[in-house]
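*Asks:* Here is a sequence with its predicted model. Questions after.
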Amino acid sequence: LGIEQGADYIEPDLQITRDGVLIALHDLTLERTTNVEEVFPDRFKEAVVRGETVRVWPAADFTLDEIRSLDAGSWFDESFATARVPTFREVVEVARGRAGLFIETKAPEVYGELGFDMEAQLLVELAELGLDEPDEDPATPVIIQSFSAASLELLRREHATGLPLALLVGGEDAAAEWLSSEGLTRAAAFVTGIGPAKSLLADDPAVVERAHELGLTVVPWTFRARSPGDGFATVEDEMTYFLDELGVDGIITDNPDLFPRGTGAGGF
């Protein structure tokens, strides 16, 4: 739907199954967006979340076939009951030639502790798909982003990828570390762009200029029609402000059909 609505890129988040397959899934665990509690009621682990002990079903504890057996759509609406968690390769097949891929490595350190190398595996799969070099397929450009600076440093320095990399920044602590002039200078040594939460730019619009002076792109997140930011009547107004007044290079949005075209920036 995002592609049909004109998105320049789609943004898959990556997790890894127990048998080592990259899948497109936002959460580290399956219980929020699938019926895993019904299908595998005894396969949970206990975790402490915000001081409370809860049951979770980590994606890494299940094989691809097991995850494929789950209903991944009904949580959103019963009309999506046939939806299944896709593999990363399936996402590429959907996007190829129609949109770029703005790929997020999700919690790569967690998978590293389990013996997986998410960065290396992603680059291997991209190479097999003919997408591991900049402009290799101009109709399907690739950008990799992550909240993990360590993951991005590995991609740039150890794996020597030439693909564009973007550091996601959320929260005051991360902003203090990375959005100052000094932090942006450190980031520019291994990334080509930053992806700050939109609220961080609203609080400190000068971040955009500081980043641009270092040659970094700025693509904030996430703009939603159901919840435009304070002071904006619509998400269109909000996106237009960030693009025209703050000068960001793109927008991550749930509503690419509402993206204000003609600015020269991109909608993701």
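*Replies:* Looks like it arrived, so ask away. Numbering: from 1, shown residues only.
*Asks:* where do the strands sit along the stretch 51-200 of the chain?
*Replies:* Along the stretch 51-200 of the chain, counting by DSSP state E, counting those that start in this stretch, strands occupy 52-56, 100-105, 142-146, 165-169, 193-196.
*Asks:* contact partners of the longest one?
*Replies:* When contacts are defined by Cβ atoms under 8 Å, 6 or more residues apart in numbering, strand 100-105 is touched by residues 8-14, 88, 91-92, 95, 118-119, 122, 131, 140-146, 148, 151, 168, 252, 268. Just so you know, the C-beta spots here come from the backbone N, C-alpha and C atoms, and that holds for glycine as well.
*Asks:* Partner strands of that strand, with direction?
*Replies:* Using DSSP bridges, the strands paired with strand 100-105 are strand 9-10 (parallel), strand 13-16 (parallel), strand 142-146 (parallel).
*Asks:* Which of those strands sits closest to Ser227?
*Replies:* strand 13-16 (20.1 Å; Cβ to Cβ).
*Asks:* how far out from the middle of the chain is the closest one?
*Replies:* Put simply, strand 13-16 sits 10 Å off its chain's centre (Cα atoms, centre = their mean, to the nearest Å).
*Asks:* Now that strand: average pLDDT?
*Replies:* Mean per-residue pLDDT for strand 13-16: 98.
*Asks:* cool, stretch 119-134 as well?
*Replies:* Here the average pLDDT along stretch 119-134 is 97.
*Asks:* what distance separates it from the centre of its chain?
*Replies:* Distance of stretch 119-134 from the chain centroid (Cα atoms, centre = their mean) equals 17 Å.
*Asks:* Pull the residues that contact it.
*Replies:* By Cβ under 8 Å, 6+ apart, stretch 119-134 touches 14, 16, 20, 22, 88-89, 92, 101, 103, 105, 108, 136-137, 140-142, 144, 151, 154-155, 158-159, 161-164.
*Asks:* likewise stretch 208-226?
*Replies:* With contacts defined as Cβ under 8 Å, 6+ apart, stretch 208-226 is touched by 164, 166, 168, 179, 181, 184-185, 187-188, 191-198, 200-201, 207, 234-235, 238-239, 242, 246-255, 258, 266, 268.
*Asks:* Would you mind finding the most buried of the strands paired with strand 100-105?
*Replies:* Stretch with highest mean neighbour count among the strands paired with strand 100-105: strand 142-146 (a mean of 25; mean count of other Cβ atoms under 10 Å).
*Asks:* could you give the angle of it to strand 165-169?
*Replies:* Counting by axes from the mean of the first three to the mean of the last three Cα atoms, to 10 degrees, strand 142-146 lies at 30 degrees to strand 165-169.
*Asks:* Among the contacts of stretch 119-134, name the ones in helices.
*Replies:* Residues of those located in helices (DSSP state H): Phe88, Arg89, Val92, Pro108, Ser151.
*Asks:* Among those residues, name the buried ones.
*Replies:* By neighbour count, with 16 or more other Cβ atoms under 10 Å, these hold Phe88, Val92, Pro108, Ser151 as buried.
*Asks:* any idea which of the residues you listed is the one closest to Asp61?
*Replies:* Among those, and counting by Cβ to Cβ, the member closest to Asp61 is Pro108, at 17.3 Å.
*Asks:* and the closest one, what does it touch?
*Replies:* By Cβ under 8 Å, 6+ apart, Pro108 lies in contact with Met118, Glu119, Ser146, Ser148, Ala150, Ser151.
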